[in-house]
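Engineer: build the 3D model from these lines:
(one chain, ligands or ions: 2)
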Amino acid sequence: MRDTVLVVGAGPTGLSAAAGLAAVGKKVVLVEKENILGGAPIISGYARLVPSGEWAKDAIGRMVSRVEASPAVTIHKNAKVARVDGEAGRFTAALTTGETVSAGAIILGTGFTHFDSINKPEWGFGTFEDVVTTTQVEQMVAAGRIACPSDGRVPERVAILLCVGSRDRQIGREWCSKICCTVSTNLAMEIKELSPRTDVFIYYMDIRTFGLYEDKFYWKSQEEFKTKFVKARIAEVTRAPDGRLLLKGEDTLVKRPIVIPMDLVVHAIGMDPNLENPQIAKVFGVGLERHGFLDRGEHYTNTLSSTRRGIYVGGAALGPEDIDSSVSQGLAMALRAVGDLGALEHQAA
Ligand SMILES: Cc1cc2nc3c(=O)[nH]c(=O)nc-3n(C[C@H](O)[C@H](O)[C@H](O)COP(=O)(O)OP(=O)(O)OC[C@H]3O[C@@H](n4cnc5c(N)ncnc54)[C@H](O)[C@@H]3O)c2cc1C
Ligand code: SF4
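Structural biologist: Residues are numbered from 1 along each chain as shown. Ligands and ions are numbered 1, 2, ... in the order given. Next comes the predicted model:
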């Protein structure tokens, strides 16, 4: 039993943990609720990833192939864990498929849920067909054509609204989703590549293109691709008499009201806690932090442990996270699990 680790969720975090465990000789049982592996970048059809510029299907596809090719990994798709008994070193998990898994440790890489823009009705999603989300535009980029869903025309003017479902106390989302500024500046360039005549505007509160890549995204988007950045508070998206969309709000730099026609409005949606987290917390006996993400045991010396011994949590299950960090956290959890299982073995000897 101590030679096996149960990994739940096959996104970047879970795939990285599974590959790390297999590399050091552990057996892995990987449980994924969907019928495909790869997590959000594959399920939602992301285009080119930031900061690498690699297509998601290639980059994450490589992670999937490595795990699928490993004889040490048993994969259960369309499956969830329904019940967990036991303790660190000897857990028994009942799957929804009726199978039972015995494992010494459990790794949770259960990720996040994309913010549902319906919860921001004043910005037109669900009312106007030409109000879409970044994931929809990623799919358009992957398919090689930017178009207004209402009639298929190539948009002349595109507005990307940042912080949709993030940094918004009115709707209980007090966190910054960390990745959407960089994703949006990149998306603006991709739109321009596909349609050089299209003008792209980014409406922002602050720009947070974190890390080493401000030049590759923020400045490049502005200087080479002529993306226009407008610091603004958007009040609503309505329809003009000619059928185009109208963006209404205030330019907060010059403190003047704005009413601007657009063909396509894109919500840069944030990362919500996995909608299933209350259920996951119950089944695995782990805690939630106050926003609804899974909680960690402690920072620094016990980081990536959940609040229950022998169960580890990492990646976007802990809060908004990018892929690089999720992959690193998957590996770190694998190391923690192997080390803790070794210590239990030692005690038992
Ligand atoms: C619009 C958008 C674009 C983005 N683009 C980028 C980018 O270009 N570069 C970048 O670095 N990051 C990007 N991100 C962030 C990226 O999506 C995350 O960093 C990454 O997906 C986190 O991986 P994860 O494995 O922790 O979670 P996820 O990708 O959410 O994977 C979790 C997996 O667990 C499964 N699961 C969930 N619950 C259960 C359960 N109960 N039982 C079994 N399985 C379960 C899910 O089906 C899924 O397969 C973007 C985010 C958004 C919102
Ligand atoms: S990363 Fe940018 S768009 Fe995303 S929530 Fe933070 S500030 Fe807003």
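
Engineer: around ligand 2, pick out the residues from the chain.
Structural biologist: The chain has residues 162-163, 166-167, 176-178, 180-181, 206, 208, 268, 270 near ligand 2, with proximity defined as C-beta under 6 Å from any ligand atom. The C-beta positions use only the backbone N, C-alpha and C, and glycine is treated the same way.

Engineer: in strands only, show me these.
Structural biologist: L162, C163, A268 (DSSP state E).

Engineer: hmm, the longest helix anywhere in the chain in reach of ligand 1?
Structural biologist: Scanning the chain for the helix with the most residues, using DSSP state H, yields helix 323-348. Yes - in this structure, helix 323-348 sits against ligand 1 according to C-beta under 6 Å from any ligand atom; the contacting residues are I323, D324, S326.

Engineer: so what's the second one up against?
Structural biologist: Contacts for D324 were tallied using C-beta atoms under 8 Å, 6 or more residues apart in numbering; they are P51.

Engineer: excluding chain neighbours, what is closest to G144?
Structural biologist: Here the nearest residue to G144 in space, its sequence neighbours aside, is L194; by C-beta to C-beta, 6 or more residues apart in numbering that works out to 6.9 Å.

Engineer: quick one: contacts for that neighbour?
Structural biologist: Neighbouring residues of L194 by C-beta under 8 Å, 6+ apart: V141, G144, R145, I146.

Engineer: relative to E298, how far out is it?
Structural biologist: Counting by C-beta to C-beta, to the nearest Å, the gap from L194 to E298 is 47 Å.

Engineer: kindly report the same for R197.
Structural biologist: Distance check for R197 against E298: by C-beta to C-beta, it reads 54 Å.

Engineer: neighbour count: the two, which is higher?
Structural biologist: Neighbour comparison, R197 and E298: the larger count goes to E298, with 11 against 8 (by other C-beta atoms under 10 Å).

Engineer: what's the offset of stretch 18-32 from the middle of its chain?
Structural biologist: Distance, stretch centre to chain centre, for stretch 18-32: 22 Å (C-alpha atoms, centre = their mean, to the nearest Å).

Engineer: gap between the two ends of it?
Structural biologist: This stretch, stretch 18-32, spans 12 Å end to end (C-alpha to C-alpha, to the nearest Å).

Engineer: quick one: contacts of it?
Structural biologist: Residues from elsewhere that reach stretch 18-32 (C-beta under 8 Å, 6+ apart): 3-10, 14, 37, 63, 66-67, 70, 72-81, 95, 101, 103, 330-331, 334-335, 337-338.

Engineer: repeat for stretch 211-218
Structural biologist: Here stretch 211-218 makes contact (C-beta under 8 Å, 6+ apart) with V50, P51, C181, T182, T185, N186, M189, I207, T209.

Engineer: can you list the buried residues in that stretch?
Structural biologist: Residues of stretch 211-218 classed as buried: Y213, E214, K216, F217, Y218 (neighbour count, 16 or more other C-beta atoms under 10 Å).

Engineer: next one: stretch 232-241
Structural biologist: A232, I234, V237.

Engineer: ok, which residues in the stretch 1-150 of the chain are in contact with ligand 1?
Structural biologist: 8-14, 31-34, 39-41, 46, 49-50, 80, 109-112, 114, 134-135.

Engineer: how many neighbours does T134 have?
Structural biologist: Applying other C-beta under 10 Å, we find 25 residues neighbouring T134.

Engineer: residue contacts, the closest residue to it other than its chain neighbours?
Structural biologist: Taking C-beta to C-beta, 6+ apart as the measure, T134 lies nearest to A268, with 5.1 Å between them; neighbours along the chain are not counted. With C-beta under 8 Å, 6+ apart as the criterion, the residues that contact A268 are T133, T134, I160, L161, L162, C163, V164, C180, C181, V183, S184.

Engineer: which of those residues sit farthest apart?
Structural biologist: For the contacts of A268, the maximum inter-member distance is 15.3 Å, found between T133 and C181 (C-beta to C-beta).

Engineer: I figured D340 hits I107, correct?
Structural biologist: No - applying C-beta atoms under 8 Å, one finds D340 not in contact with I107, separated by 11.5 Å.

Engineer: who's more crowded, the two?
Structural biologist: When neighbours are counted by other C-beta under 10 Å, I107 comes out ahead of the other of D340 and I107, with 33 against 19.

Engineer: for that one, give me its contacts.
Structural biologist: 5-8, 14, 17, 311-314, 330, 333-334, 337.

Engineer: that one falls within a helix, correct?
Structural biologist: No - in this structure, I107 is strand, not part of a helix, as judged by DSSP: H, G, I helix; E, B strand; the rest coil.
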